[in-house]
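J.: Have a look; sequence and predicted model below, questions after that.
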Amino acid sequence: MKKYNFWGFEHADVHAVNDEYKGIDTPYDLYDALSEIWCAKTCAPRMRQNWTKENKTLGQCSITAFLAQDIFGGKVYGILRPGGNYHCYNVVGDQSFDLTSEQFGDEVLDYENNPEQFREVHFAKEEKRLRYEHLKAELKKKTEGK
């Protein structure tokens, strides 16, 4: 199996609850597909100047976590960060994973007892909703091309 570095990869063995995205059955499949889609355009605007292909998960957390929720179900939780923003990750059943954790390098995040996050709150910011819709559309294009 390919080596993954995102948080929770060792136990991210949940499966898609729908077949909307052909070939995306596990978080590993989603990570692999998004690794080719994440870009400066999908990065949060406040972080965009620091986005690189080497740090491709930077600024991608909420749109990625809500897209993963679309595919795998479960809930999205957020870790409060300095500055008042939340870093989002997924919990499906008893499995937790964070497809965008690599952006933090060696920093250890606390994935315990964090508040649930809701797309209605996050997508009240139009730019975030538009980035999410762009990410979904690009994933759809990629998976239909398989």
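T.: Now that the structure is in, tell me what you want to look at. What you see is a predicted model, and the numbers here were worked out from it, not measured in a lab.
J.: Give me the contact list for stretch 67-87.
T.: Outside of stretch 67-87, the residues within contact range by CB atoms under 8 Å, 6 or more residues apart in numbering are 14-18, 20-21, 24, 27, 30, 61-62, 65-66, 88-93, 97-100, 104, 109-111, 114-119, 132, 135-136, 139. All C-beta spots, glycine's among them, are computed from the backbone N, C-alpha and C.
J.: Kindly apply the preceding question to stretch 11-24 instead.
T.: The list of residues contacting stretch 11-24 from outside it, by CB under 8 Å, 6+ apart, reads 4, 6, 25-30, 33, 70-74, 92-93, 95-97, 139-140, 143-144, 146.
J.: Now, those that are in strands?
T.: Helix and strand membership here follows DSSP state E; of the contacts of stretch 11-24, those in strands are 92, 95-97.
J.: Among those residues, which one has the most neighbours?
T.: Each of those was scored by neighbours using other CB atoms under 10 Å; the highest score is residue 97's, at 29 neighbours.
J.: any idea how far it is from residue 136?
T.: To residue 136, residue 97 is 19 Å away according to CB to CB, to the nearest Å.
J.: can you map out the helices along the chain?
T.: With DSSP state H applied, the chain shows helices at 27-35, 61-72, 119-122, 126-144, listed in chain order.
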